[in-house]
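Here is my input, please return the structure:
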Amino acid sequence: MNETLYNLTILLTTHCTLKCKLCATYASTHPHPSHFSSTKMLQAADRFFACMGSHESVNLLTLSGGEPLLHPQLLEILKGLTKHLPQVQKFEIITNGTIVPQDAILQQLSHMDKVDVMIDHYGDILSPKVHALAAAFDRYGIAYRIRDYHSENPHLGGWLDISDFTDKHRTPEENAALFQKCQYSTTFSHHFFIIDGLAFMCYVNHKLLPQLQENDNEHVDMLDESLSQEALRAQLLELRNKQYQTLCARCNGFCVDGPRYAPAEQLP
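Here you go, the predicted structure:
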């Protein structure tokens, strides 16, 4: 019980205003895009934070998508997460520069501590609202950053391609070696992704890729009322400490040394 649960991303939706070919959350290719239940995600967040000791904190709490600003219950979600911010070092929303939120959302964000919005800028054609969005945040005193994905030198040199899920016929040792250099065990080390009430260690899972199926012990049901707080925490830590995931056998890895591609190339 002396281990800290570090980072948490809550995926709000697989709906998006863009159709990026190499979307890291597979929103552009999901056969049935949906807004995930706000009730489920808030209950899952409540249970996650209840697993933590009073001395522990989440370094980064992120709301992501798809495009999270599309979620029709976003205001309710923000209000429901406010009570957890004393245990959070930074609260982040990742948006693609296509939507300026309604005043009620901006007002709520202005009253929340530790907010730092990440605006991904894909150029004026794909992200036409970046400047209006920045102006709105300035007007309400909301902190934000703009991540450059449109210049000749995009953030980190461009995007990675993790879309090929054919069986790679690797040995367990090779899968473990791949996972050890994958960003889901390095950059996103100690990071959980809550999607529709389930906690995962990465975005390669059956919720985002319905054609795939991880093992039952490779996600944690945050809404399982039969689990005590202690048992839920133990399952989360067991998941976090795995040497690799079953679906690593079908993945090329989200690795920093992989080939880079132009960000936000659009599907037809």
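
For the stretch 51-200 of the chain, which segments are assigned as strands?
If DSSP state E, counting those that start in this stretch is used as the criterion, the strands of the stretch 51-200 of the chain fall at 58-64, 88-95, 117-121, 144-148, 191-195, 198-200.

What is the last one packed up against?
So that's strand 198-200. strand 191-195, strand 220-221 (3 or more C-beta pairs under 8 Å, 6 or more residues apart in numbering; DSSP states H and E). C-beta: built from backbone N, CA, C; applies to glycine.

does L69 really touch T95, like I thought?
Yes: judged on C-beta atoms under 8 Å, L69 makes contact with T95 at a distance of 5.4 Å.

TSV for the strands of the stretch 51-200 of the chain, including mean neighbour count and mean pLDDT?
Formatted as TSV, the strands of the stretch 51-200 of the chain follow (neighbours: other C-beta atoms under 10 Å; pLDDT from 0 to 100):
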stretch	mean neighbour count	mean pLDDT
strand 58-64	21	95
strand 88-95	20	96
strand 117-121	20	98
strand 144-148	15	97
strand 191-195	23	96
strand 198-200	22	97
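
how about the ones you listed, which one is nearest T166?
strand 198-200 (21.2 Å; C-beta to C-beta).

separation between the residue lying closest to A143 once chain neighbours are set aside and F137?
Nearest residue to A143 in three dimensions, chain neighbours excluded: D116, at 4.8 Å (C-beta to C-beta, 6 or more residues apart in numbering). Distance, D116 to F137, using C-beta to C-beta, to the nearest Å: 10 Å.

of the two, who's got more company?
In this view D116 and F137 are compared by other C-beta atoms under 10 Å, and F137 has more residues nearby, 20 against 14.

Enumerate every residue touching the more buried one.
106, 117, 143-144 (C-beta atoms under 8 Å, 6 or more residues apart in numbering).

Same list (the residues you listed) but as JSON lines, adding distance to S34.
Below are these laid out as JSON lines (distance: C-beta to C-beta, whole Å):
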{"residue": "L106", "distance to S34": "25"}
{"residue": "V117", "distance to S34": "24"}
{"residue": "A143", "distance to S34": "30"}
{"residue": "Y144", "distance to S34": "27"}
